[in-house]
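In: what's the 3D shape of this:
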Amino acid sequence: MRRHPHHRPLERRSRLILAAAPLAVAALVLAGCATQTAASTNTATTDDTTTETAAVVDSDLSAAAVLAANADVTVVKDDEWSETDAADITLSGSTASSDSDAVTVDGSTVTITEAGVFRLSGSLDGQVVVAAPEDAQVVLILDDAEIAASDSPAITVTSADDVAISLAAGSDNSVSDASSYADGADANAAIYADTDLTISGTGALSVSGNGNDGITSTDDLVILSGEIAVDATDDALRGKDSLTVEGGTLELTAGGDALKSDQADDATQGFVAITGGTVTATSGDDGIAAATDAVVTGGTVSLAAGTSASASDDSPKGVTAGVVVAIDGGDIEIEAADDAVHSDGSVGIAGGTVTVSAGDDGIHAEQRLEIRDGRVTVTESYEGLEATDVAISGGTVDITSSDDGVNAAGGTASDTQGGGMGGGGEQDTGETVTISGGSVRVTAVGDGLDSNGTISITGGTTVVSGPSSAGGQGALDSNGTTTIDGGEVFVAGSVLVAPTGSQQWVAATASGSAGDTVTVTDASGTVIASFEADQSFGAVFYSGPGVADGGSFTIAVNGVTAATVSEGVNVSGGGMGGGGGRRP
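Out: Below is the predicted model:
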C-alpha cells in the first residue's frame with residue numbers, strides 16, 4: 001500500500017465547510033492561511049433563525065495547492081505485488097474451486113479470508129466476498145471472469161486493509177449485481193468495498209450496477225488503468241473519502257452521478273481528482289460531484305449531465321464542488337442541463353482546454369472565478385461566467401450567452417440591472433470584474449460585461465459583441481465604475497458607457513451586422529484597430545494604446561466611413577450611456 005504520489009502529507013487544515021453558520025456572519029479568519037469567505041446559496045430555516053452553508057477556501061486556487069491541502073490517498077501500485085504469487089480460483093457456474101487455504105466456497109459464495117494475490121477466471125452465478133484481517137492487502141486478478149449475483153453485489157469487500165482489482169492483459173471481464181437492494185443496505189453496488197480500492201491492469205471490465213451504484217468504495221477509490229465500462233442505476237463510480245482517476249479508458253452511464261465523492265464530515269476528503277486517462281460519462285444527475293474539491297490536471301474528460309430521459313436531479317451540473325473546482329490541464333468537454341461547472345466556493349482555471357454548453361451558467365462560482373491560463377469556450381449558456389469576483393489574467397476565453405456574458409453578482413446584489421454603466425442609479429455592492437491579461441471574446445444577448453460592483457480592465461484584449469438592442473442592457477454595465485487603464489477593448493453593441501481611467505478611448509454611432517469588420521483610423525490614415533463583430537450592432541467603442549489624447553479618428557464598417565469622432569467624447573444619439581462623460 002502506498003499513499004498516492006500526487007498528494008503531500010497534510011500539514012494544515014486549510015479549508016473548512018461550515019454547515020450552519022448564521023446568516024449574519026460575513027467573514028471568518030483561519031490562522032495561518034489566506035482565505036476568502038462568502039455564503040453559498042443553500043439556505044435552511046428554523047423556528048428562530050435562517051442559516052446558510054458557507055465555504056471558506058484558500059486564496060490559492062491552483063490544482064497543486066488544492067491537492068496538497070487534502071488528505072493523502074491510499075493506492076495499491078502494481079509493483080507492490082507479484083502475479084507469480086497468485087492462487088487460482090476457478091469459477092464454475094453455481095460454484096467454484098481453489099487449492100488455496102485462504103479461499104472457502106459455500107454454494108455460490110466464494111470467500112477470501114487472508115491476504116494474498118488471487119486469480120479469478122471462469123463464470124460464477126454468485127458472489128465473491130473478501131473478509132480478510134484488518135491489516136491484509138488483497139489483490140484480485142480478473143482473468144476472463146464473469147460474476148453475476150442475483151441478490152447481492154458481485155464483489156463485496158467486508159474487511160481488509162487495502163484491496164486491488166487487476167484486469168489481466170487481454171482479458172474481458174464482467175460483473176453484475178442484484179436488481180434492487182433493501183432500503184438502508186450498506187453494500188449496494190456491483191463492486192462494493194468497505195475499504196480502500198484500487199483498479200489497475202490493461203484488460204477490460206464491464207460493470208452493471210442494476211440495483212444502485214456501479215463501483216463503490218467507502219474509503220479511497222483509485223483508477224490507475226484498464227478499459228472500464230460502467231452502467232449504473234444510480235452513481236457509476238463513488239469513492240466516499242475520495243475518487244481519483246489517473247489513467248485508463250472509462251465509459252460511464254449513470255442514472256445519478258457519474259463520478260462522486262461525498263465525504264462531508266472531513267474538509268480534507270470528499271474530493272474528485274482526474275489526472276489522466278479518458279473519461280466519457282453520461283449522467284442523469286451531475287457528471288462530477290465532489291463534496292469538497294473537483295480537480296482536473298490531465299486526461300480527456302467528456303461529460304453529458306442531465307441529458308438522459310429520467311434525470312434524478314432538478315439541476316444536473318457537469319462538474320460541481322462544495323469548495324473548489326481547480327482545472328490546470330486536460331481536455332474537457334461538458335454539456336449540462338444546468339451549470340456546466342459549478343462551485344459553492346471558487347473556481348480556478350490555469351491550463352487545459354475547457355469547452356462547455358450549459359442550460360444555465362457556463363462556469364459559476366459563489367465566490368471567486370479565476371482564469372489564469374488555458375482555453376475556455378462557452379458555446380451556449382444563459383450567463384457565460386458568473387461569480388462574486390471574476391478575474392481573468394491570461395488564457396483565451398470565448399463566451400456565447402443568451403443573457404450576460406460575464407456577470408459579477410453576489411448574494412446581496414440587486415436582481416435588477418440598469419442600462420449602461422453607472423447610469424442606472426443602482427448601488428455598488430462590491431462585486432468585481434477584473435481583466436488584466438489574456439484574450440476575452442464575448443457574444444451576449446444581455447450585458448457583455450456586467451458587475452453589480454465595478455469593472456476594471458488593465459491588460460489583455462477584450463472584444464464584446466452585443467447587445468444588439470439596448471432594452472436596458474449594456475455592452476459594459478456596472479453599478480460602480482468602469483475603469484480602463486490598459487489593454488485593448490473593442491465593443492460592437494448598443495448601450496455603451498464613458499469609462500474612467502488613464503487610457504484614451506473613442507466611440508461612435510455605427511451600425512452593422514455579424515461578420516462585419518470595424519476599423520479605427522487616426523488622423524494620419526493609420527489603422528490603429530480592427531475587429532470583427534459577432535452580432536448586429538448600433539454603436540462602436542474602442543480603447544487602446546493607439547488612441548492619442550484629444551485626437552480625431554474615423555470609424556468605418558467594412559471600409560465605409562460611419563463617423564469621424566474626437567477622443568474621449570460621448571457620441572450623440574444615445575450610443576453612449578450614463579457614466580463619466582469625457583475623462584478628466
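In: May I ask which helix or strand encompasses Ala64?
Out: Using DSSP states H and E, Ala64 sits in helix 63-68.
In: Render the CA-only coordinates of that helix in PDB, please.
Out: What follows is helix 63-68, C-alpha atoms only, in PDB (Å, rounded to 0.1, in the frame of the first residue of the first chain):
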ATOM      1  CA  ALA A  63      -4.700  22.400  -8.600                       C
ATOM      2  CA  ALA A  64      -1.400  21.700  -6.800                       C
ATOM      3  CA  ALA A  65      -2.300  23.800  -3.800                       C
ATOM      4  CA  VAL A  66      -5.800  22.300  -3.600                       C
ATOM      5  CA  LEU A  67      -4.500  18.800  -3.800                       C
ATOM      6  CA  ALA A  68      -1.700  19.500  -1.300                       C
END
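In: and the helix or strand just after that helix, average pLDDT?
Out: Note on helix 63-68: by DSSP H and E, the next helix or strand toward the C-terminus is strand 74-75. For strand 74-75, mean pLDDT rounds to 97.
In: Remind me what strand 74-75 packs against, helices and strands.
Out: Judged by 3 or more C-beta pairs under 8 Å, 6 or more residues apart in numbering; DSSP states H and E, the packing partners of strand 74-75 are strand 2-3, strand 196-201, strand 220-223. The way it works is simple: take the backbone N, C-alpha and C, and place the C-beta from them, glycine included.
In: got these as JSON lines, with distance to Ala131 and mean pLDDT columns?
Out: Formatted as JSON lines, the helices and strands packed on strand 74-75 follow (distance: least, C-beta to C-beta, whole Å; pLDDT from 0 to 100):
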{"stretch": "strand 2-3", "distance to Ala131": "24", "mean pLDDT": "58"}
{"stretch": "strand 196-201", "distance to Ala131": "15", "mean pLDDT": "98"}
{"stretch": "strand 220-223", "distance to Ala131": "20", "mean pLDDT": "98"}
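In: any chance of the ones you listed in CSV, with mean neighbour count and distance to Gly438 too?
Out: Formatted as CSV, the helices and strands packed on strand 74-75 follow (neighbours: other C-beta atoms under 10 Å; distance: least, C-beta to C-beta, whole Å):
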stretch, mean neighbour count, distance to Gly438
strand 2-3, 14, 36
strand 196-201, 26, 38
strand 220-223, 26, 33
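In: Save the ones you listed as a markdown table, and put in distance to Glu335 too.
Out: Output for these, formatted as a markdown table (distance: least, C-beta to C-beta, whole Å):
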| stretch | distance to Glu335 |
| --- | --- |
| strand 2-3 | 35 |
| strand 196-201 | 27 |
| strand 220-223 | 23 |
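In: now Ala187, what's its secondary structure?
Out: Look at Ala187: counting by DSSP: H, G, I helix; E, B strand; the rest coil, its state is coil.
In: ok, how many other residues are close to it?
Out: Around Ala187 sit 22 other residues, with neighbours defined as other C-beta atoms under 10 Å.
In: what sits against it?
Out: The neighbours of Ala187, taking C-beta atoms under 8 Å, 6 or more residues apart in numbering as the test, are 152-153, 156, 158, 181, 194.
In: So which of the residues you listed is the closest to Ala475?
Out: Tyr181 (55.1 Å; C-beta to C-beta).
In: Wait, the closest one touches Asn188, no?
Out: Yes: counting by C-beta atoms under 8 Å, Tyr181 does reach Asn188; the two are 4.3 Å apart.
In: Would you mind grabbing the residues shared as contacts by the two?
Out: Contacts common to Tyr181 and Asn188, judged by C-beta under 8 Å, 6+ apart, are 211-212.
In: any low-confidence regions in this protein?
Out: By pLDDT under 70, the low-scoring segments of the chain are 1-59, 307-313, 411-425, 469-473, 495-496, 571-584.
In: do that again at 90, thanks
Out: Residues of the chain meeting the criterion pLDDT under 90: 1-60, 184, 307-315, 410-426, 466-475, 494-498, 569-584.
In: Just the buried ones from the contacts of Ala187?
Out: 152-153, 156, 181, 194 (16 or more other C-beta atoms under 10 Å).
In: Going by distance to Ala365, which of these wins?
Out: Closest approach between these and Ala365, by C-beta to C-beta: Asp194, at 34.8 Å.
In: coming back round to it: let's have the buried ones among the contacts of Ala187 in CSV, adding secondary structure and distance to Gly486.
Out: Shown next, in CSV, are the buried ones among the contacts of Ala187 (DSSP: H, G, I helix; E, B strand; the rest coil; distance: C-beta to C-beta, whole Å):
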residue, secondary structure, distance to Gly486
Ser152, coil, 65
Pro153, coil, 60
Thr156, strand, 61
Tyr181, coil, 60
Asp194, coil, 57
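In: can you tell me which two in these are farthest apart?
Out: Tyr181 and Asp194 (15.0 Å).
In: show me what contacts Ala229?
Out: Applying C-beta under 8 Å, 6+ apart to Ala229 gives the contacts 204-207, 250-252.
In: Now with 7 Å, please.
Out: 206-207, 251 (C-beta atoms under 7 Å, 6 or more residues apart in numbering).
In: Same check on Ile223?
Out: Residues near Ile223 by C-beta under 7 Å, 6+ apart: 199, 245-246, 248, 250.
In: try Val540
Out: Counting by C-beta under 7 Å, 6+ apart, Val540 touches 491-492, 507-508, 510, 518, 555.
In: Ok, Ile228 next?
Out: 199, 205, 248, 250.
In: element containing it?
Out: In this assignment (DSSP H and E), Ile228 forms part of strand 227-232.
In: now what about the helix or strand following that strand, what contacts it?
Out: The element immediately downstream of strand 227-232 (helix or strand, assigned by DSSP H and E) is strand 237-239. Residues outside strand 237-239 that contact it (C-beta under 7 Å, 6+ apart): 213-217, 220-221, 230, 243, 252, 259-261.
In: which of the residues you listed lies closest to Thr462?
Out: Leu259 (34.7 Å).
In: What's opposite the closest one in the beta bridge?
Out: Leu237, Ile288 (DSSP bridges).
In: What strand or helix carries Ser150?
Out: Using DSSP H and E, no helix or strand contains Ser150.
In: Verify the stated contact: it with Ala178.
Out: Yes: if you go by C-beta atoms under 7 Å, Ser150 and Ala178 touch, sitting 6.2 Å apart.
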